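>>> Got a sequence here, can you build the structure:
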Amino acid sequence: MFWKVEDKKELKKFYKNFIAIGLPLTIQQLVSSSLNFIDNLMIGRLGTEYLAAVGFAGSVYRILDLMIFGICSGMGVFISQYFGKRNFESIRKIFGLMMRCAVTIGIIFAVVTYYNAEGIIRIFSKDISVIDIGVSYLKIVVFCYFFYAVSCGITYSLRSMGYTRYPMIAASIGVATNTFFNYCLIYGNFGFPQMDEKGAAIATIIARIVEMAVIMIIVWFKDCHLKGKISSYFNISKSMIKEIIRVSTPVMCTESMWILGTIGLSIAYARLGTDQAACVQIADVVSSISAIIFMGIANSAAVIIGRTIGEGNRNKVVFYSHQVIKVALLMAVFCFVLVEFASKGIVSLYKLDPAIQDLGVYTVRSYGVLVFFKMMNWAILIGIFRAGGDTKVAFYLDILPLWLYGVPMGFLGSYLQLPIYYVIFMAEVSEVIKLVLALFRYRSMRWMKDITV
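Residues are numbered from 1 along each chain as shown. The predicted structure is shown next:
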């Protein structure tokens, strides 16, 4: 199937590009996720009510994040393939559309969340103290959504072209800023007032502003094919918009339906009580940290696969996709082992009662058992199928197992009042179903499509 003489040369080229793109991307994901982890850890030391409340408030951010990710990654498929064709004029047009969509969503989320903060927190908990803390945090942190949307639009455009080092730098500076102001404003250090959850929210806003400013300055001086006349961001043809909508809509629907399903599971878990909900928040952070590696793999694969499809070399695309599967398999095993062995140490960082600590360890380990399947799914669905333009099938594979199996099982487990780690395991088996179906689709090779034609 491949030109055997060049196999080794192509293999070396693949891993060189994969590391050059993926390593900064993974570091950036680690740094970006650290911002939420630091918030979670620092606020968690004030008590389980604070940990649960800020975790519930963070569900709004997760919806915003995934909706923007859906828009940007959907359009990023085009940017990646056009980059393979060296068509920078079309890239700037798509970038302009991407920025307008991301900023609009950020503003809408901020306004709706601010005026419905209490109702949102009440979806998750009836505990008055949790509601008060959650509303207090949420009504402040919404002011960072605009700045975050701007950063995302620029970041995903740079990623799609393989410029992953610059977003990493901006995210690192943002996290350092967030950590410093969290330490100052949550606990009242260095002469600052002690503001508890309000301090965490203000620190997040400052960090997002700094991150946005840094990435904009980098693009201004480095260009990266995004700089142009104002008109170059708007003169986009109706046919291109139609094609973008056709390919991007399943991606946006996937992220929207996925986060709604995830929130549905959070509601089911929250029905088991505040302590169990706090354990879920800890497990979510641990799961997110292990997922960092795979978001790096998936996004790096998407850039390489999309760019190679744009070049028109089908055999090379197949060859590269096989390498992505191999890398994903090895790293999935590594993440599983890491989560299992690190669970006690991570839970011990939180200020929890001994009985709740044991519950937290079991909860984290339940997540860890299924982390292998979840990470493999991300690598295949995001890194290969989306980059190949097969977004509609990726939508079905991502959403149907979650909604037809995972969410019902989560509510069944909470209704039966089973321990939280049993309920999580029951619900997350949907990832096993998803992986089996994804591998069948991958073997068919029908996911490979040049959407720029």
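
>>> Look up how far Met42 lies from Ser248.
In this view, Ser248 and Met42 are 37 Å apart by Cβ to Cβ, to the nearest Å. C-betas here are computed from N, CA, C, even on glycine.

>>> who has more neighbours, the two?
Shown here are Ser248 and Met42; by other Cβ atoms under 10 Å, Ser248 has more neighbours (25 against 21).

>>> For that one, which three-state class applies?
helix (DSSP: H, G, I helix; E, B strand; the rest coil).

>>> which secondary element of this protein has the worst mean pLDDT?
Least confident helix or strand, the chain: helix 4-44 with a mean of 72, by mean pLDDT, DSSP states H and E.

>>> chain center to that one: distance?
13 Å (Cα atoms, centre = their mean, to the nearest Å).

>>> do the same with stretch 64-74
9 Å.

>>> Show residues contacting it.
Residues outside stretch 64-74 that contact it (Cβ atoms under 8 Å, 6 or more residues apart in numbering) are 98, 101-102, 105-106, 109, 145, 148-149, 152-153, 156-157, 244, 247-256, 258-259, 302, 382, 386, 391.

>>> Okay, now the unreliable bits of the protein?
1-7, 32-37, 285-291, 351-352, 450-453 (pLDDT under 70).

>>> Find the centremost residue of it, please.
Here the mean C-alpha position of the chain is nearest to the C-alpha of Leu66 (Cα atoms, centre = their mean), at a distance of 6.3 Å.

>>> Which members of the contacts of stretch 64-74 are positioned in helices?
Counting by DSSP state H, the contacts of stretch 64-74 place 98, 101-102, 105-106, 109, 145, 148-149, 152-153, 156-157, 244, 247-256, 258-259, 302, 391 in helices.

>>> so the helix or strand where Phe319 lies versus helix 4-44, what angle?
Taking DSSP states H and E as the criterion, Phe319 maps to helix 314-347. Taking axes from the mean of the first three to the mean of the last three Cα atoms, to 10 degrees, helix 314-347 and helix 4-44 form an angle of 30 degrees between their directions.

>>> could you pull out the helices for the stretch 101-250 of the chain?
Under the criterion DSSP state H, counting those that start in this stretch, the stretch 101-250 of the chain contains helices at 117-124, 128-141, 145-160, 165-187, 196-222, 238-270.

>>> Pick the most deeply packed of those.
When you average the neighbours per residue for each of the helices of the stretch 101-250 of the chain (mean count of other Cβ atoms under 10 Å), helix 145-160 leads with a mean of 25.

>>> can you state the direction angle for the next helix or strand after the helix holding Phe319 and helix 238-270?
Next along the chain after helix 314-347, taking DSSP H and E as the criterion, comes helix 354-380. On the basis of the same axes, to 10 degrees, helix 354-380 is oriented at 160 degrees to helix 238-270.

>>> Report the buried residues of helix 354-380.
By 16 or more other Cβ atoms under 10 Å, the buried positions in helix 354-380 come out as 356-357, 359-380.

>>> Which secondary structure elements does it sit against?
helix 274-311, helix 314-347, helix 420-428, helix 430-444 (3 or more Cβ pairs under 8 Å, 6 or more residues apart in numbering; DSSP states H and E).

>>> Let me have those helices in CSV, adding distance to Gly264 and mean neighbour count as columns.
As requested, these are arranged in CSV below (distance: least, Cβ to Cβ, whole Å; neighbours: other Cβ atoms under 10 Å):
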stretch, distance to Gly264, mean neighbour count
helix 274-311, 13, 24
helix 314-347, 23, 17
helix 420-428, 10, 23
helix 430-444, 12, 17
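
>>> can you tell which of those is closest to Phe78?
Proximity to Phe78, assessed across the helices and strands packed on helix 354-380 by Cβ to Cβ, is greatest for helix 274-311 (8.6 Å).

>>> Could you figure out how far that closest one is turned away from helix 354-380?
What separates the directions of helix 274-311 and helix 354-380 is an angle of 10 degrees, with the same axes, to 10 degrees.

>>> which helices and strands does helix 274-311 pack with?
helix 4-44, helix 48-84, helix 145-160, helix 238-270, helix 314-347, helix 354-380, helix 420-428.

>>> angle of that helix against helix 48-84?
Using the same axes, to 10 degrees: helix 274-311 against helix 48-84 is 0 degrees.

>>> now helix 274-311 against helix 128-141, angle please.
Put simply, helix 274-311 runs at 30 degrees to helix 128-141, going by the same axes, to 10 degrees.

>>> Now find how far off-centre helix 274-311 is within its chain.
The mean C-alpha position of helix 274-311 is separated from the chain mean by 6 Å, Cα atoms, centre = their mean.

>>> Surely Ala53 and Gly134 touch.
Yes: at 3.8 Å, Ala53 counts as touching Gly134 under the criterion of Cβ atoms under 8 Å.

>>> shared neighbours of the two, anything?
With Cβ under 8 Å, 6+ apart, Ala53 and Gly134 have common neighbours Ile121, Ser125.

>>> so the strand or helix carrying Met409 versus helix 420-428, what angle?
Assigned by DSSP H and E, Met409 belongs to helix 407-415. Relative orientation of helix 407-415 and helix 420-428, computed by the same axes, to 10 degrees: 160 degrees.

>>> Packing partners of the strand or helix carrying Phe395?
Taking DSSP H and E as the criterion, Phe395 maps to helix 391-401. With contacts taken as 3+ Cβ pairs under 8 Å, 6+ apart, helix 391-401 sits against helix 238-270, helix 430-444.

>>> hang on, isn't Arg62 packed against Ile259?
Yes: if you go by Cβ under 8 Å, Arg62 and Ile259 touch, sitting 5.9 Å apart.

>>> now the residue nearest to the centre of the chain: how far from Ser256?
For Leu66 relative to Ser256 (Cβ to Cβ), the value is 7 Å.

>>> do Phe221 as well
For Phe221, the distance to Ser256 equals 36 Å [Cβ to Cβ].

>>> Gly58 now?
Distance, Gly58 to Ser256, by Cβ to Cβ: 17 Å.

>>> Give me the distance from the helix holding Phe319 to the chain's centre.
Distance, centroid of helix 314-347 to centroid of chain: 17 Å (Cα atoms, centre = their mean).

>>> Could you do stretch 261-270 as well?
Using Cα atoms, centre = their mean, the offset of stretch 261-270 from its chain centre is 17 Å.

>>> Run through who's touching that stretch.
52, 56, 59, 62-63, 123-125, 276-277, 280, 399, 402-403, 406-407, 410-411, 413-414, 420, 423-424, 427.
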